[in-house]
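K.L.:
Turn this into a model:
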Amino acid sequence: MTSNLDDLPVSNQTDQNNITLQTSEKNTVIEGSINNIQQQRENDLKQNIAPSTGQQGVNNNGNNNGNNNNNNINDFVTSIQSAVSSGSLSLPSRDIPQTQTHITQDDEIKQNFIPGDNDDYIDEYRSKHDIINNYMKKQENNNKTDDFYNKLQTPILMSVLYFIFQLPVVKKLFLKLFPAFYHKDGNLNLTGFIVNSVLFSISYYIINYSIDYFSI
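P.N.:
Residues are numbered from 1 along each chain as shown. Below you'll find the model as predicted:
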């Protein structure tokens, strides 16, 4: 059996010393938190809407570019077709071969064609090398012959000139033209020998120069 506290006897002396506890309930409204949550949700919605809008713009640009490319291709095909129909792309008649003999007479297009033996490049190299060697040998022989003739040229000319100057006809002509170069007995004096030697050397020089000039 329980008893109520109010039913208990209370003395008057203790009324002044009793401590009274008073409690009151207060409802705290969290307005800041709710506002922050709403603001965050609005920001999230804006971020989700922005990419979708950008993607739509990209898709629209892509569609526009695709349409432009298709239009360019169609224009190009149309221009080619018009050029073909007008004959602008056909070859001129001067560039079209009139005969086909170079094709029909080609043995390699025959079905049973058997290619011939390939040329031996080693033998060809040897033959070319032999031709070059023979040419070099011939040139060497010609040079030797020319050298031999050049060596014989001087003594032959000297002997021919000496023979001419010793002829009686030449001596009589020289005596007739230059009598002062002879003694009374008909022999040459010192001045006559000098003049005769100078004429001999001049004659040799003229003949040798003429041979070299005409042999070039």
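
K.L.:
After the helix or strand of the chain with the lowest mean pLDDT, heading C-terminal, what element do we hit next?
P.N.:
One helix or strand of the chain scores below all others by mean pLDDT, DSSP states H and E: helix 101-104, with a mean of 62. Sequence order places helix 121-165 as the next helix or strand after helix 101-104, per DSSP states H and E.

K.L.:
what pLDDT, on average, does that next one get?
P.N.:
Across helix 121-165, the average pLDDT comes to 83.

K.L.:
now the helix or strand just after that helix against helix 121-165, angle please.
P.N.:
Towards the C-terminus, the helix or strand next in line after helix 121-165, according to DSSP H and E, is helix 168-177. Computed with axes from the mean of the first three to the mean of the last three Cα atoms, to 10 degrees, the direction of helix 168-177 lies at 50 degrees from that of helix 121-165.

K.L.:
Using PDB, write out every CA atom in helix 168-177.
P.N.:
The C-alpha trace of helix 168-177 is given here as PDB (Å, rounded to 0.1, in the frame of the first residue of the first chain):
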ATOM      1  CA  PRO A 168     126.600  19.800-154.300                       C
ATOM      2  CA  VAL A 169     123.700  21.800-155.600                       C
ATOM      3  CA  VAL A 170     123.200  23.400-152.100                       C
ATOM      4  CA  LYS A 171     126.900  24.100-151.800                       C
ATOM      5  CA  LYS A 172     127.100  25.800-155.100                       C
ATOM      6  CA  LEU A 173     124.000  27.900-154.300                       C
ATOM      7  CA  PHE A 174     125.500  28.800-150.900                       C
ATOM      8  CA  LEU A 175     128.800  29.800-152.600                       C
ATOM      9  CA  LYS A 176     126.900  31.900-155.200                       C
ATOM     10  CA  LEU A 177     124.900  33.700-152.500                       C
END
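
K.L.:
show me what contacts Glu108?
P.N.:
Neighbour list for Glu108: Pro115 [criterion: Cβ atoms under 8 Å, 6 or more residues apart in numbering]. C-beta: built from backbone N, CA, C; applies to glycine.

K.L.:
ok, it to Ile80 distance?
P.N.:
Distance, Glu108 to Ile80, by Cβ to Cβ, to the nearest Å: 36 Å.

K.L.:
what bits of the chain have low per-residue confidence?
P.N.:
1-38, 41, 45-67, 100-106, 116-126, 216 (pLDDT under 70).

K.L.:
Would you mind giving the domain segments of it?
P.N.:
Domain assignment for the chain, taken from automatic domain parsing, gives 40-87, 148-216.

K.L.:
Now distance to Asp95 too, for the ones you listed, in JSON lines please.
P.N.:
Below are the domains of the chain laid out as JSON lines (distance: least, Cβ to Cβ, whole Å):
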{"stretch": "domain 40-87", "distance to Asp95": "14"}
{"stretch": "domain 148-216", "distance to Asp95": "54"}
